[in-house]
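Visitor: Here's my sequence, what's the structure:
(one chain, ligands or ions: 1)
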Amino acid sequence: MKLNGLFPQQGLIVSCQALDHEPLHGGDTMAKMARAAVQSGAIGIRTNGAADIVRIKKEVDVPVIGLIKRDIPGSAVFITPTLTEVQAIVTAGADIVALDITDREGRLDTVKPLIVYAHERGVAVMADISTLEEGLAAEALGVDFIGTTLSGYTPYSVQQEAPDFELVRGLADRVQVPVVAEGRIWTPEDAAQALDSGASYVVVGSAITRPQLITARYVEALKRYG
Ligand SMILES: CC(=O)N[C@H](C=O)[C@@H](O)[C@H](O)[C@H](O)COP(=O)(O)O
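Guide: Sure, this is the predicted structure:
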């Protein structure tokens with residue numbers, strides 16, 4: 001099994017994110033989510049924004065994967081798009097920087113300095129990719145983790161409601177760095193299947209930390225009774 005010293009065992013990483021339009025945004029809500037997750041056995045936390053990275057680092061004693069989502073007009077890349085966000089994530093104290101390493105807008109040719117910046121400061125890098133080819137390119141660029149985060153979120157990747165276990169399997173067969181299964185993992189059984197498919201770690205977000213999406217699934221299931 002491929003492991004990274006930051007996470008010496010396989011396990012669950014909980015994504016605690018609430019963007020500014022989401023009901024749980026702000027204050028110490030995500031830090032409390034993180035505390036609850038770690039209390040029950042999460043081995044790591046993934047979070048968005050410098051403020052939540054700082055709060056969560058104070059709140060829990062597990063590695064934190066930090067990202068900053070930013071919309072840049074005319075660009076589809078939104079997870080840690082530029083060096084400015086990498087700098088802010090490193091300054092906030094994240095252990096791992098997560099960033100988009102997709103084959104869009106010439107990114108595969110321009111992202112290397114972002115990786116180097118993090119590494120020079122002792123911070124690991126997680127590549128958020130959407131296809132096997134992007135995963136192979138990310139490994140060649142020297143990242144420490146490869147996550148399936150963006151499968152289904154680029155127009156050319158597999159579009160499905162289920163997690164992309166096939167991508168997990170393909171990556172696990174081909175790359176030497178740990179594979180992180182992430183995206184649309186809604187049940188404990190999905191999470192176990194992700195590890196069975198060869199992932200070293202599994203990130204679960206919405207199913208644990210976005211009550212508005214959890215509620216919507218229940219409401220949808222009960223619709224015919226309304
Ligand atoms: C595509 C995108 O923007 N993904 C973001 C990446 O950090 C988050 O909004 C997701 O919640 C995270 O990837 C976890 O996935 P899920 O919430 O499906 O368990």
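
Visitor: give the contact list for the closest residue to the ligand within the chain.
Guide: Among all residues of the chain, Gly205 sits closest to the ligand, at 2.9 Å; criterion: Cβ to the nearest ligand atom. From N, CA and C alone the C-beta is placed, and that goes for glycine too. Contacts for Gly205 (Cβ atoms under 8 Å, 6 or more residues apart in numbering) come out as Val14, Ser15, Cys16, Gln17, Arg46, Glu182.

Visitor: could you dump the residues you listed to JSON lines with distance to Pro63, pLDDT and neighbour count?
Guide: Formatted as JSON lines, these follow (distance: Cβ to Cβ, whole Å; pLDDT from 0 to 100; neighbours: other Cβ atoms under 10 Å):
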{"residue": "Val14", "distance to Pro63": "12", "pLDDT": "99", "neighbour count": "25"}
{"residue": "Ser15", "distance to Pro63": "13", "pLDDT": "99", "neighbour count": "29"}
{"residue": "Cys16", "distance to Pro63": "13", "pLDDT": "99", "neighbour count": "29"}
{"residue": "Gln17", "distance to Pro63": "16", "pLDDT": "98", "neighbour count": "21"}
{"residue": "Arg46", "distance to Pro63": "10", "pLDDT": "99", "neighbour count": "29"}
{"residue": "Glu182", "distance to Pro63": "15", "pLDDT": "99", "neighbour count": "29"}
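
Visitor: Give me the nearest residue to Gln193, chain neighbours excluded.
Guide: Once flanking residues are discounted, Gln193 sits nearest to Phe165: 6.1 Å by Cβ to Cβ, 6 or more residues apart in numbering.

Visitor: Surely that neighbour is in contact with Ser197?
Guide: Yes. Using Cβ atoms under 8 Å, Phe165 is in contact with Ser197, at 4.6 Å.

Visitor: which of the two has more neighbours?
Guide: Ser197 (21 against 18; other Cβ atoms under 10 Å).

Visitor: Report the contact partners of that one.
Guide: So Ser197 contacts Phe165, Val168, Arg169, Ala172, Ala181 (Cβ under 8 Å, 6+ apart).

Visitor: tell me the contacts of the first one?
Guide: Contacts here follow Cβ under 8 Å, 6+ apart; on that basis Phe165 touches Ala181, Gln193, Ala194, Ser197.

Visitor: hmm, which two among those are most spread apart?
Guide: The widest separation within the contacts of Phe165, taken as Cβ to Cβ, falls between Ala181 and Gln193 and amounts to 8.6 Å.

Visitor: Between these two, which has more neighbouring residues?
Guide: Just comparing Ala181 and Gln193: by other Cβ under 10 Å the higher neighbour count belongs to Ala181, 32 against 18.

Visitor: Can you verify the more buried one is assigned to a strand?
Guide: Yes. Under DSSP: H, G, I helix; E, B strand; the rest coil, Ala181 sits within a strand.

Visitor: ok now do it, which residues does it touch?
Guide: Ala181 touches 147-148, 163, 165, 168, 191, 194-195, 197, 199, 201-203, counting by Cβ under 8 Å, 6+ apart.

Visitor: ditto for Ala92
Guide: So Ala92 contacts Ala50, Ala51, Ile53, Val54, Lys57, Gly66 (Cβ under 8 Å, 6+ apart).

Visitor: Alright, that wraps it up for me.
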